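Colleague: Pasting a predicted model and its sequence here:
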Amino acid sequence: MTDAPGRLHAAIAELATFNDDVAAGGITREIYTPTYAAALRRVVEWMGEAGLETRLDAVGNLFGRWAGTDAGAPVVLTGSHVDTTLNAGAYDGVLGVLGAIEAVHALRAAGFVPRRSIELVAWAGEEPRFGTGCVGSRAAAGELSRADLDRLRGRDGVTMAGALRSAGFDPDRVEDARIDPATVHALVELHIEQGIVLETGGEPIGVVGAIAAPHDFRLTFRGAATHAGATPMDLRRDALVGAAEAVVAVERIARASSSGTTVGTVGVVRARPGAINVVPGTVELDVDVRDSDAAAREQVVATIVADARAIAAERGLELELAEIVEDVPVESDPAVVAAAQEAAAELGLTARTMISGAYHDAMIMGRRVPVGMIFVPSRGGVSHHPDEYTSPEELDRGVAVLAGTLARLSGQ
C-alpha cells in the first residue's frame with residue numbers, strides 16, 4: 001500500500017547517513033547533538049512532502065499534523081523516534097516515524113480524508129542518553145519536571161538541562177511540552193519487534209496487547225582498593241567478586257519469577273580503580289528488570305536486592321542502592337488493538353497478539369491515553385546493533401497495517 005515503491009526504504013537508508021560514529025560500523029545519533037538536529041530537519045522536509053504542518057515542542061518532540069474535518073475532535077497520534085543508541089541499526093524507532101509518513105502518503109493517494117486530525121510524532125530521546133529513556137514522551141505525559149533536567153546526566157557528565165540549552169531549547173519551559181490527555185483519541189506506534197517471536201512463528205504482523213516496563217536500579221559494592229600482590233586472599237574486600245556473585249543472582253532470580261516472563265539484565269559494570277594490579281574497591285552494577293506483570297517484577301527486584309545485601313555482608317562490603325527508573329506496565333487499548341487486527345485481516349495478513357518486552361514511548365503515553373503497537377519481524381531478533389534488519393516487504397506490510405489502523409481510528 002504505497003504510491004511510490006521504494007520511497008520508505010530510500011528514506012531509511014538516507015537517515016542512516018546521519019551518523020556520529022561511522023567507523024564503528026553502526027549508527028550513533030543521540031538526542032540534542034548537531035547530527036540529530038540535522039536528521040530531524042530532514043524528517044521535517046519529508047513530513048512537508050506528505051502535506052503535514054510541522055512544529056517542535058519545548059523539549060524537541062517533532063509533530064506533523066494532517067488536519068481532519070472535525071477540528072475539535074481529539075487527535076490520533078502515531079510515531080516513534082529517530083535517535084539511536086550507540087552503534088545501533090537503521091530501523092529501531094525510525095520505522096515508526098518514516099513508516100507513518102509513508103502511511104499518510106498512502107492514505108492520501110487512496111483519497112482518504114480523516115475526520116480526526118492525525119499527528120505524526122518523532123519523540124525526543126527515546127534512547128537513554130541521560131540514564132533513562134523516553135524523555136520526550138515523559139515530558140509530554142507530564143512526568144518530567146524542571147528538577148529532573150538537572151538530575152538526569154549522561155555518561156559524559158552533561159545534564160539534560162545543559163544539552164537542551166546547547167540544542168537551542170529552554171529547560172525552564174519543559175512544562176510546555178505536556179499534552180492534555182483529553183486532546184488525544186488514541187496513539188498507535190509501528191515498530192520492529194526487536195525479538196524473534198514473529199520470525200520463529202512465520203507471522204508477518206504482531207499486535208501488542210501489553211508493554212512490559214522496566215524497573216532499573218544501581219547496586220554499588222564498596223570494598224577496599226588494595227595492592228593485588230601485597231594483599232592476601234583472605235584479607236581482601238574485593239568489590240568485583242561480590243558484584244560478580246550478584247550478577248549471577250540476577251539471572252537465577254529472574255528465571256525463577258512467578259510470572260515466567262520476567263527478565264533481568266546487568267547491562268553496565270563499572271569497576272574502579274580499574275588497574276590490573278589493584279583489587280577493585282568500588283563496583284557499580286546497573287540492573288534492568290522488566291515484565292508486563294508488575295507484581296512479579298517487584299518480587300524479583302526485592303529478592304535481588306536482598307541477595308545483594310547478603311552477599312555484601314558475607315564479604316565485608318558496603319552496599320548502596322540507587323533507583324534509576326520504575327515504570328508501570330501498560331495494557332493496550334482494546335479499540336486500538338481491534339483496529340490493528342481488522343486492518344491486518346483486511347490485507348489477508350495473520351496478526352499475532354503478543355507482549356512487547358522492550359519499552360517504548362507508547363508505554364509512557366499509555367498511562368495517559370489509549371495506546372497500541374504494531375510489530376513487524378526482526379531478523380534473528382537482533383536490535384540496537386549494526387546487523388538489525390527487517391526486509392522491505394516486511395516493512396511495507398507494517399506500513400499498510402498502520403495505514404488501515406489510522407484510517408479506522410481517525411474515522412471514528
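Modeller: Thanks, I have it.
Colleague: if I pick residue 258, what's in contact with it?
Modeller: For residue 258, the residues meeting the contact criterion (Cβ atoms under 8 Å, 6 or more residues apart in numbering) are 293, 296, 299. Every C-beta, even on glycine, is put in place using the N, C-alpha and C of the backbone.
Colleague: hang on, residue 176 packs against residue 58?
Modeller: Yes. Counting by Cβ atoms under 8 Å, residue 176 does reach residue 58; the two are 4.0 Å apart.
Colleague: hang on, the earlier thing: can you turn the buried subset of the contacts of residue 258 into a selection I can paste into PyMOL?
Modeller: Here is the PyMOL selection string for the buried members of the contacts of residue 258, based on 16 or more other Cβ atoms under 10 Å:
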select buried, resi 293+296+299
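Colleague: Now intersect the contacts of residue 258 with the helices, please.
Modeller: The helices in this structure, assigned by DSSP state H, contain 296, 299 from the contacts of residue 258.
Colleague: And the contacts of residue 258, which is closest to residue 53?
Modeller: Each of these was scored against residue 53 by Cβ to Cβ, and residue 293 proved nearest at 41.3 Å.
Colleague: mind pulling up the phi and psi values for the closest one?
Modeller: The phi and psi torsions at residue 293 (degrees, to the nearest 10) take the values phi -100, psi 100.
Colleague: Over to the one 10 residues further on?
Modeller: Backbone geometry at residue 303, expressed as degrees, to the nearest 10, gives phi -70, psi -40.
Colleague: ok, it - how many residues close by?
Modeller: Other residues near residue 303 come to 19 when the count uses other Cβ atoms under 10 Å.
Colleague: about what we covered before: can you pick out the residue with more neighbours from residue 176 and residue 58?
Modeller: Set side by side, residue 176 and residue 58 show unequal neighbour counts under other Cβ under 10 Å, the larger going to residue 58 at 19 against 11.
Colleague: Report the contact partners of the more buried one.
Modeller: Applying Cβ under 8 Å, 6+ apart, the residues contacting residue 58 are 139, 169-170, 173-177.
Colleague: Let me see the ranges of the strands in the stretch 201-350 of the chain.
Modeller: For the stretch 201-350 of the chain, the strands identified by DSSP state E, counting those that start in this stretch occupy 205-211, 213-222, 263-272, 282-291, 318-326, 330-331, in order along the chain.
Colleague: Buried residues of the host helix or strand of residue 41, list them for me.
Modeller: Using DSSP states H and E, residue 41 maps to helix 34-49. Going by neighbour count (16+ other Cβ under 10 Å), the buried part of helix 34-49 is 35-36, 39-40, 43-44, 46-47.
Colleague: quick revisit: ok, so of the contacts of residue 258, who is nearest residue 401?
Modeller: When the contacts of residue 258 are compared for distance to residue 401 (Cβ to Cβ), residue 293 comes out closest, at 27.4 Å.
Colleague: Tell me who's in contact with the closest one.
Modeller: Remark: with contacts taken as Cβ under 8 Å, 6+ apart, residue 293 is in contact with 258-259, 261-262, 329.
Colleague: Apply 6 Å and report the result again.
Modeller: By Cβ atoms under 6 Å, 6 or more residues apart in numbering, the contact list for residue 293 reads residue 259.
Colleague: thinking again about what came up before, dump the strands of the stretch 201-350 of the chain to JSON lines, plus distance to residue 411 and mean neighbour count.
Modeller: Conversion of these to JSON lines gives the following (distance: least, Cβ to Cβ, whole Å; neighbours: other Cβ atoms under 10 Å):
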{"stretch": "strand 205-211", "distance to residue 411": "19", "mean neighbour count": "24"}
{"stretch": "strand 213-222", "distance to residue 411": "31", "mean neighbour count": "22"}
{"stretch": "strand 263-272", "distance to residue 411": "38", "mean neighbour count": "16"}
{"stretch": "strand 282-291", "distance to residue 411": "35", "mean neighbour count": "22"}
{"stretch": "strand 318-326", "distance to residue 411": "37", "mean neighbour count": "14"}
{"stretch": "strand 330-331", "distance to residue 411": "24", "mean neighbour count": "19"}
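Colleague: what about residue 167, distance to residue 322?
Modeller: 27 Å (Cβ to Cβ, to the nearest Å).
Colleague: Spatially central residue in the chain, please.
Modeller: residue 360 (3.9 Å; Cα atoms, centre = their mean).
Colleague: any idea of the pLDDT on it?
Modeller: Confidence at residue 360, expressed as pLDDT, is 95.
Colleague: And residue 4, by the same measure?
Modeller: 76.
Colleague: Next, find the distance separating it from residue 204.
Modeller: For residue 4, the distance to residue 204 equals 22 Å [Cβ to Cβ].
Colleague: go on, residue 228?
Modeller: The gap separating residue 228 from residue 204 is 55 Å, by Cβ to Cβ.
Colleague: Residue 297 is in contact with residue 291, isn't it?
Modeller: Yes. Assessed by Cβ atoms under 6 Å, residue 297 is found in contact with residue 291 at 3.9 Å.
Colleague: Overlap in contacts, these two.
Modeller: Shared contacts of residue 297 and residue 291, counting by Cβ under 6 Å, 6+ apart, come down to residue 262.
Colleague: got any ranges where the stretch 1-150 of the chain has weak pLDDT?
Modeller: For the stretch 1-150 of the chain, applying pLDDT under 70 flags the ranges 1-3.
Colleague: ok, now with 90
Modeller: Counting by pLDDT under 90, the stretch 1-150 of the chain shows low-confidence ranges at 1-5, 131-132.
Colleague: ok, which stretches of it are strands?
Modeller: Secondary structure of the stretch 1-150 of the chain (DSSP E, counting those that start in this stretch): strands at 53-56, 62-66, 75-81, 118-123.
Colleague: can you redo those as CSV with distance to residue 343 and mean neighbour count?
Modeller: Supplementary listing: those in CSV, determined by distance: least, Cβ to Cβ, whole Å; neighbours: other Cβ under 10 Å:
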stretch, distance to residue 343, mean neighbour count
strand 53-56, 25, 14
strand 62-66, 18, 22
strand 75-81, 13, 28
strand 118-123, 14, 28
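Colleague: for these, which one sits closest to residue 281?
Modeller: With distances scored as Cβ to Cβ, the stretch of the strands of the stretch 1-150 of the chain nearest to residue 281 is strand 75-81 (38.3 Å).
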